[in-house]
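Trainee: Give the three-dimensional model of this entry:
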Amino acid sequence: GKPCRTLRNRFSKAYDEPGAPATLPAPTQNYLWWQEGRTRVERVRAKEFLTYPVGQVVGDMHEEISVKEVVYELLNEMLDAKERLNDILD
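Mentor: Model (predicted):
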């Protein structure tokens with residue numbers, strides 16, 4: 001499998017260091033992480049090493065926004081689409 005896309009953090013950046021091991025193909029890397037790494041990271045509360053799988057859209061993410069803002073944008077887009085549809089049907 002291909003490598004899994006994840007948010008960039010200290011964990012993923014460590015693989016870019018000289019002498020670092022290569023990542024394993026999916027799902028092996030993720031399996032090992034959930035079996036061993038995640039538990040250790042959570043135990044010492046090293047949140048900067050937690051990994052979060054993401055899709056292709058991650059390249060379009062440039063800032064953190066709240067869920068409230070996301071829902072507000074979705075509702076506004078829905079209302080705009082409804083108004084355009086009403087104009088077409090009228």
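Trainee: how close does the spatially most central residue of the chain get to Arg8?
Mentor: Nearest to the geometric centre of the chain sits Val54, at 3.3 Å (Cα atoms, centre = their mean). Distance of Val54 to Arg8, computed by Cβ to Cβ, to the nearest Å: 10 Å. Where C-beta positions appear, they are placed from N, C-alpha and C, glycine not excepted.
Trainee: which residue ranges form the helices in this protein?
Mentor: 10-14, 28-32, 38-43, 67-89 (DSSP state H).
Trainee: List the buried residues for the third one?
Mentor: Within helix 38-43, the residues that qualify as buried are Val41, counting by 16 or more other Cβ atoms under 10 Å.
Trainee: what's the average pLDDT for that helix?
Mentor: For helix 38-43, mean pLDDT is 80.
Trainee: cool, and stretch 60-72?
Mentor: Mean predicted lDDT for stretch 60-72 stands at 91.
Trainee: Turn the helices of the chain into CSV, including distance to Pro21.
Mentor: Below are the helices of the chain laid out as CSV (distance: least, Cβ to Cβ, whole Å):
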stretch, distance to Pro21
helix 10-14, 10
helix 28-32, 10
helix 38-43, 17
helix 67-89, 36
